[in-house]
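1. Can you look at this prediction? I've put the sequence above it.
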Amino acid sequence: EDRTLAEADLLIFNNASQLRYMYPDADQRRAVIIPHSYDPTLFPTQAKADGDGKLRFVFTGQLNTLRCAKPLLRALARLKEDDPTLPSKAAFHLIGDMPDADLAYILRHELTDLVRVRPPVSYRQSLAELAAADCLIHIDANISTVCEENVFFAGKLADYFGAGKPILAITMQHGDAADCLRRAGAAVVSFSENEIKQALFQ
């Protein structure tokens with residue numbers, strides 16, 4: 001990797017945090033940032049939801065043992081304890097691959113009436129899901145033990161912006177992704193279940 005960085009004629013990054021982390025002594029003549037983008041013509045003109053009258057929260061993407069939904073699920077378990085009628089008011093659709101530990105947590109804490117885990121969908125279908133949502137959930141990996149800012153900028157975030165819906169982002173507080181989310185008016189919270197619970201409560 002170091003040899004590639006040294007010998008490349010041009011280095012392409014998708015955000016400034018990534019550039020600073022991977023190439024701190026960047027020669028700006030050799031580095032360029034090309035952000036993710038979205039195509040508004042790909043979104044459906046009429047979004048269709050379930051029609052059950054519940055607030056619809058949607059996450060699309062891949063979760064794993066590092067980038068997991070556990071902080072969100074813990075917050076939802078506490079919210080449901082406080083308000084047992086919550087499943088009649090809201091539905092959280094987690095669309096995509098999910099680690100077994102998250103699935104086990106949903107079952108163990110009896111969240112299946114509130115959290116709907118669904119398999120991955122096509123890209124076009126994912127845009128339809130975003131367009132039909134009332135609020136979008138974004139989850140990043142917590143890499144604070146490795147670096148002080150989030151160096152990742154998920155491609156899905158651009159589609160979230162394109163959907164034009166409110167966003168609740170669970171991410172590190174520093175980094176290009178968090179800065180862009182704040183500029184877009186998103187609620188940016190840490191991996192604290194208390195913060196997530198409070199943001200959802202509001």
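-> Arrived safely, thanks for sending. Residues are numbered from 1 along each chain as shown.
2. helices or strands next to the longest helix along the chain in the packing?
-> For the chain, the helix that runs over the most residues, judged by DSSP state H, is helix 70-82. If contacts are counted by 3 or more CB pairs under 8 Å, 6 or more residues apart in numbering; DSSP states H and E, helix 70-82 sits against helix 100-108, helix 193-201. C-betas here are computed from N, CA, C, even on glycine.
3. try 6 Å this time
-> Other elements packing on helix 70-82 under the criterion 3 or more CB pairs under 6 Å, 6 or more residues apart in numbering; DSSP states H and E are helix 193-201.
4. Check the offset of the helix it packs on from the chain's centre.
-> Relative to the centre of its chain, helix 193-201 is centred 16 Å away, using CA atoms, centre = their mean, to the nearest Å.
5. in that helix, what's buried?
-> Along helix 193-201, these residues count as buried under the neighbour rule (16 or more other CB atoms under 10 Å): 193, 195-197, 200.
6. and that helix, what other elements does it pack with?
-> If you count contacts as 3+ CB pairs under 6 Å, 6+ apart, helix 193-201 packs onto helix 70-82, strand 187-189.
7. tell me the angle of it relative to helix 70-82?
-> Note on geometry: by axes from the mean of the first three to the mean of the last three CA atoms, to 10 degrees, helix 193-201 and helix 70-82 are set 60 degrees apart in direction.
8. quick one on the thing from earlier: between the helices and strands packed on helix 193-201, which one is closest to Phe43.
-> Closest to Phe43 of the helices and strands packed on helix 193-201 is strand 187-189 (CB to CB; 22.0 Å).
9. quick one: contacts for the spatially most central residue of the chain?
-> Nearest to the mean C-alpha position of the chain, counting by CA atoms, centre = their mean, stands His138 at 1.8 Å. With contacts defined as CB atoms under 6 Å, 6 or more residues apart in numbering, the neighbours of His138 are 167, 169.
10. give me the element it is part of.
-> strand 135-139 (DSSP states H and E).
11. coming back round to it: just the CA atoms from the longest helix of the chain would do, formatted as PDB, please.
-> In PDB, the C-alpha atoms belonging to helix 70-82 read as follows (Å, rounded to 0.1, in the frame of the first residue of the first chain):
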ATOM      1  CA  LYS A  70     -26.500  -3.000  18.800                       C
ATOM      2  CA  PRO A  71     -26.500   0.600  20.100                       C
ATOM      3  CA  LEU A  72     -29.800   1.300  18.300                       C
ATOM      4  CA  LEU A  73     -31.300  -2.000  19.400                       C
ATOM      5  CA  ARG A  74     -30.400  -1.200  23.100                       C
ATOM      6  CA  ALA A  75     -32.100   2.200  22.800                       C
ATOM      7  CA  LEU A  76     -35.200   0.600  21.200                       C
ATOM      8  CA  ALA A  77     -35.400  -2.000  24.000                       C
ATOM      9  CA  ARG A  78     -35.400   0.800  26.600                       C
ATOM     10  CA  LEU A  79     -37.900   2.900  24.700                       C
ATOM     11  CA  LYS A  80     -40.200  -0.100  24.500                       C
ATOM     12  CA  GLU A  81     -39.900  -0.700  28.300                       C
ATOM     13  CA  ASP A  82     -40.900   2.900  28.800                       C
END
